[in-house]
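Novice: My questions concern the predicted model and sequence given below.
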Protein chains: 2
Amino acid sequence: MSALPDLGPKPRLGYTPNPLERVSERRGDAAYVDELEAAPGAAAYVIAGENIVLNRFADRLDPLFSLPAARAWGVEETVLLGVTGGHGRFGIGIDPGHATLMKARDDLFVTDLRSLAVQGLASPDDLAALAEAKALLSWHARHRFCSTCGAANRAVEAGWRRDCPACGAQHFPRTDPVVIMLVVDGERCLLGRQARFLPRMWSCLAGFVEPGESIEAAVRREIREEAGILCGPVSYVTSQPWPFPMSLMIGCQTVALSRTIAVDTSELEDARWFDREQVTAMLLDRHPQGLAVPPPIAIAYHLIRAWVEEVPHRAATIPIVSS
Amino acid sequence: MSALPDLGPKPRLGYTPNPLERVSERRGDAAYVDELEAAPGAAAYVIAGENIVLNRFADRLDPLFSLPAARAWGVEETVLLGVTGGHGRFGIGIDPGHATLMKARDDLFVTDLRSLAVQGLASPDDLAALAEAKALLSWHARHRFCSTCGAANRAVEAGWRRDCPACGAQHFPRTDPVVIMLVVDGERCLLGRQARFLPRMWSCLAGFVEPGESIEAAVRREIREEAGILCGPVSYVTSQPWPFPMSLMIGCQTVALSRTIAVDTSELEDARWFDREQVTAMLLDRHPQGLAVPPPIAIAYHLIRAWVEEVPHRAATIPIVSS
């Protein structure tokens, strides 16, 4: 074995950690929430559908607005994200249709949350708070009617629940668990490409956890369905909120029990085995054919890097409590 | 340190593993699904709200019905769970109001899925398939109207999607990620009691993962909110589908950084530190005061047992890729 490659300092996983204290037990306390809103330190992130709105100053971008400024565009929903240093931080959802007009303004900068993260245009703390705001506001935008009876419902608990006045049903924000995994076969790992990816980008395979399924079972099913590979033990690596629109990425590593790839072309454009040297070049952006892996904001980068940096074959020795 | 206790053979975690092949890529193929339904080997699990309906024979219970028999009570929803040995397995949801009448019949046995599991009245394979059926049918029962526009929607893809004919929105089954964790402080662990628990039962703390939150952050937030304890590194142990109504339990262990418990009585009745000896007695059902932990069908049992059986302090050495 050659020495472990030096990939430089480990970058922070995007949208983590979230610096806000969520004060979940006080969301139903209207007087407390009103007081937070009215206090001079209160500020809001502004979301217009898939777009994030920022203040554009000569020397910097600032994603925080005063509540009156944020509300000047008309409010579809206000949610309490949490507090920091005693100051309330809110998410304000506005009509997505305003984005076009706002993009034309010199004092604003409007872009999507992925670009904001990849281009480093917001601090890691702001990105995490924006992820919370975007996931929660995306849920509101799709849940203004009661799924049990069809009546218009209304937000309560500072944006953390929607209640139906007709049938009494309570609806809570939704978060979709997704497994994303690196399949390892000795000194090789499996990467795939979706047609929508940037050219030459390869990543880990992923898919939604289904009802009645464990994380471990979802990992094995997705790999079998998408690439025709059978897998053995599954080990967990790390997790990440992924607000597109409202997922929780559960990052795992697993061991291949078979080697012949059969790509499901309805899901993937291609899937291939890559050796450690190739993947190291991709992480360092020095691959001879220009092949690349996702940027450090994405959990896939960290799953791939963790394998490249680990002691070879350690995966097989990670203790598994249950399959 | 005394020797590790002998807790006997490790029981299977409830509702796992699911023996059905989900054939997710064929759910949209109506001819294939019709053929599966019409084939002689087809069978269905019957769910009436929170109740599971089983055939009661002289010598055994059988949770599988032929499709015509299952449909005799009227069908609210049919879902394709998967195939086993080439035979289709379906979940059929019927009016929950039928349960009372069915309970009076000699040829049927009607009970909830928790009791079925705890009392060992169904095989582990059937319990896993029933968990899938119950989670999916619970979702249908609460999502017959479009949450985007309020119109009545309809099930497609053999029960794996609901489409809105009015606004075109597609709705997918929901699964709620929940963290459940054992907090460890050297030779002690933290257990809590909810008021709804059986008397003298203590368990791990748990809570829903929120939008914009990682698994690790949710673990620390829930422990801080419910018990006032600060926690450090989080390690993943195992996971379990928990169809009450549609959760994914993500089982973790974490290390306490503080020791003084402050119970949030709106969430917990009590929380206490228990030493390894006490917990071992609770696992073996030999605690002098009759204190107990949840049964082996629940992931809490496995989290607690994994700690009791582990080499002391191993938790602190589990490698953590990211917090």
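Specialist: Looks like it arrived, so ask away.
Novice: For the longest helix seen in chain A, buried residues please.
Specialist: Counting residues, the longest helix in chain A under DSSP state H turns out to be helix A:124-141. Buried residues in helix A:124-141, counted by 16 or more other Cβ atoms under 10 Å in any protein chain shown: A:124, A:126-141. For every residue, glycine as well, the C-beta is placed using N, CA and C.
Novice: so which of those residues also contact chain B?
Specialist: A:128-129, A:131-136, A:139 (Cβ under 8 Å from any Cβ of the partner chain).
Novice: Reformat those residues as a markdown table; add pLDDT.
Specialist: Formatted as a markdown table, these follow (pLDDT from 0 to 100):
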| residue | pLDDT |
| --- | --- |
| A:Ala128 | 98 |
| A:Ala129 | 98 |
| A:Ala131 | 98 |
| A:Glu132 | 98 |
| A:Ala133 | 98 |
| A:Lys134 | 98 |
| A:Ala135 | 98 |
| A:Leu136 | 98 |
| A:Trp139 | 98 |
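Novice: where does chain A dip in pLDDT?
Specialist: For chain A, the stretches flagged by pLDDT under 70 are A:1-4, A:311-323.
Novice: ok, back up a step: specify which member of the ones next to chain B among the buried residues of helix A:124-141 is nearest to chain B.
Specialist: A:Glu132 (2.7 Å; Cβ to the nearest Cβ).
Novice: ok, the residue lying closest to the closest one once chain neighbours are set aside - contacts?
Specialist: Take A:Glu132 and drop its neighbours on the chain: the residue closest to it by Cβ to Cβ, 6 or more residues apart in numbering or on different chains is B:Gly212, 2.7 Å away. With Cβ atoms under 8 Å, 6 or more residues apart in numbering or on different chains as the criterion, the residues that contact B:Gly212 are A:15, A:18, A:81, A:128-129, A:131-136, A:241, A:243.
Novice: for A:Asp126, same thing?
Specialist: A:Asp126 neighbours (Cβ under 8 Å, 6+ apart): A:45, A:63-64.
Novice: Any of those buried? List them.
Specialist: Buried among the contacts of A:Asp126 (16+ other Cβ under 10 Å): A:45, A:63-64.
Novice: could I get those as a markdown table with secondary structure and distance to chain B?
Specialist: Converted to a markdown table, the buried ones among the contacts of A:Asp126 look like this (DSSP: H, G, I helix; E, B strand; the rest coil; distance: Cβ to the nearest Cβ, whole Å):
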| residue | secondary structure | distance to chain B |
| --- | --- | --- |
| A:Tyr45 | strand | 11 |
| A:Pro63 | coil | 14 |
| A:Leu64 | coil | 16 |
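Novice: what are the phi and psi angles of A:Ala292?
Specialist: With angles defined as degrees, to the nearest 10, A:Ala292 sits at phi -140, psi 160.
Novice: right, and it touches A:Ser203 too?
Specialist: No. Look at A:Ala292 against A:Ser203 with Cβ atoms under 8 Å: they stay out of range, at 9.4 Å.
Novice: Of the two, which one has the most company?
Specialist: A:Ser203 (21 against 18; other Cβ atoms under 10 Å in any protein chain shown).
Novice: Burial check on the closest residue to that one other than its chain neighbours, number of neighbours?
Specialist: Leaving aside its sequence neighbours, A:Ser203 sits nearest to A:Ala300 (Cβ to Cβ, 6+ apart; 4.5 Å). Using other Cβ under 10 Å, A:Ala300 has 25 other residues around it.
Novice: The helix or strand where A:Ala300 lies packs against which elements?
Specialist: Per DSSP states H and E, A:Ala300 falls inside helix A:299-309. Helix A:299-309 sits against strand A:176-185, strand A:188-193, strand A:231-242, strand A:247-256, helix A:276-283, with contacts defined as 3 or more Cβ pairs under 8 Å, 6 or more residues apart in numbering or on different chains; DSSP states H and E.
Novice: hang on, the earlier thing: for the residue nearest to A:Ser203, give me its contacts.
Specialist: Contacts of A:Ala300 (Cβ under 8 Å, 6+ apart): A:180, A:203-204, A:206, A:251, A:293-294.
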